[in-house]
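Engineer: Sequence first, then the predicted structure:
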Amino acid sequence: MPPWTPSKGALCSRTSAPLSPCILVDEQDNVVGHESKYNCHLMENIESRKVLHRAFSVFLFNSKYELLLQQRSATKVTFPLVWTNTCCSHPLYRESELVEGNFLGVRNAAQRKLFDELGIPAEALPVDRFTPLGRMLYKAPSDGKWGEHELDYLLFVVADVKLLPNPDEVADVRYVNREQLKELLEKADAGEEGVKLSPWFRLVVDNFLLKWWDCVESGTLPEVADMKTIHKLGGGGEDEDEEDEEERSGGRREGGGGGGVGGVGGRGEEEKEHRAHRQLEAVGGGEQHQANENQSIGRELEKEGVTSNNTLSN
């Protein structure tokens, strides 16, 4: 495999990743602000401030209906060298990745990170190829200092692609069929060969994957999509499988159901539009605050060596 050659626009820099602004949300997935990746992954912030950020997990299958897995790089701050689904990361607090209609912001972010991590160009995976199937909220410590607390969008896609893994992000890749995945799970459970799985991947495997794999093979993924419910798993929330606030109040999230654009009538739609407008204004208005915060985090990173030796990109 040829060496990784990052493009001019690749967003995989070791120095910039910890400072990138994640999207903060409440447990109903309403955007409430932004915070650096560094601060979002500190267990101190997760436990004391209940910091929760939006994320996504991509599950890519080839035409043989084999699932592409990656082993995370040894330089990852959280969960290094664990096996996980195809790509896991965060949409950033920027206009193109805040778009809620048809879940376009999350799809844009997934397309960006598939290139950053696996070298898959955007033209090979247009955003309309991703099928959002569900959302889950979970919390998982990685060690005493770092961890995850995410509201995770689960995106499925079927495509044959060429891979060029970025060694800063990915240690290894492999396609697995159901039986091979079962063997990997058994090794992880038994602690054999040092095999470990990411907590979010294991939650998806235990709760959704096998049923959804059937739909991958039958071409019926849109029929099982449920973007109304937020499944609260793995210590991420007090209650499980709650519909979001707009659903409980009689509205409907944009893009609900099979991923199409739904409507929210009357006052609910007007309030959503105002909220989206305020979010986009804040993208520009908070630049000075973000710059000050980045300087502070940069000094902290220099002390810990994270900047030069580790990546923090989920």
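Structural biologist: Right, received. Where do you want to start? Numbering: from 1, shown residues only.
Engineer: Spatially, and excluding backbone neighbours, which residue is closest to E117.
Structural biologist: Nearest residue to E117 in three dimensions, chain neighbours excluded: E169, at 4.3 Å (CB to CB, 6 or more residues apart in numbering). Yep, even glycine has a C-beta here, placed from its N, CA and C like the rest.
Engineer: what number of residues lie near V157?
Structural biologist: By other CB atoms under 10 Å, 23 other residues sit near V157.
Engineer: one step back: check the contact between the residue nearest to E117 and A74; I expect there is one.
Structural biologist: No - between E169 and A74 there is no contact under CB atoms under 8 Å: 10.9 Å.
Engineer: Looking at those two now, which is surrounded by more residues?
Structural biologist: Taking neighbours as other CB under 10 Å, E169 and A74 compare with E169 leading, 23 against 11.
Engineer: Okay, that one and N102: tell me how far apart.
Structural biologist: Per CB to CB, to the nearest Å, E169 is found 27 Å from N102.
Engineer: try A225
Structural biologist: 12 Å.
Engineer: more neighbours, the two?
Structural biologist: A225 (21 against 17).
Engineer: Just the strands from the stretch 101-250 of the chain, written as ranges.
Structural biologist: Remark: strands assigned in the stretch 101-250 of the chain by DSSP state E, counting those that start in this stretch are 131-141, 147-158, 170-176, 229-232, 242-243.
Engineer: which stretch in those has the least confidence?
Structural biologist: For the strands of the stretch 101-250 of the chain, mean pLDDT drops lowest on strand 242-243, to a mean of 56.
Engineer: List the contacts of stretch 203-215.
Structural biologist: Stretch 203-215 has contacts (CB atoms under 8 Å, 6 or more residues apart in numbering) with 57, 59, 65, 67, 85, 133-134, 136, 138, 154, 156, 178, 181, 185, 197, 221, 223-224, 231, 233-234.
Engineer: Next one: V77, what pLDDT does it get?
Structural biologist: Here the pLDDT value assigned to V77 is 82.
Engineer: actually M43, not the one I typed
Structural biologist: We have a pLDDT of 95 for M43.
Engineer: Okay, helices next: where are they in the stretch 1-150 of the chain?
Structural biologist: Along the stretch 1-150 of the chain, counting by DSSP state H, counting those that start in this stretch, helices occupy 37-40, 43-48, 95-98, 104-118.
Engineer: CSV for the ones you listed, including distance to E27 and mean neighbour count?
Structural biologist: Shown next, in CSV, are those (distance: least, CB to CB, whole Å; neighbours: other CB atoms under 10 Å):
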stretch, distance to E27, mean neighbour count
helix 37-40, 15, 25
helix 43-48, 13, 15
helix 95-98, 18, 17
helix 104-118, 17, 24
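Engineer: what's the neighbour count on Q28?
Structural biologist: 16.
Engineer: just checking, it touches K228?
Structural biologist: No - shown here, Q28 and K228 do not form a contact pair, counting by CB under 8 Å, at 11.3 Å.
Engineer: Quick check: bridge partners of the residue nearest to V216 when sequence neighbours are not counted?
Structural biologist: Leaving aside its chain neighbours, V216 sits nearest to F61 (5.3 Å; criterion: CB to CB, 6+ apart). Judged by DSSP bridges, the bridge partners of F61 are L67, V158.
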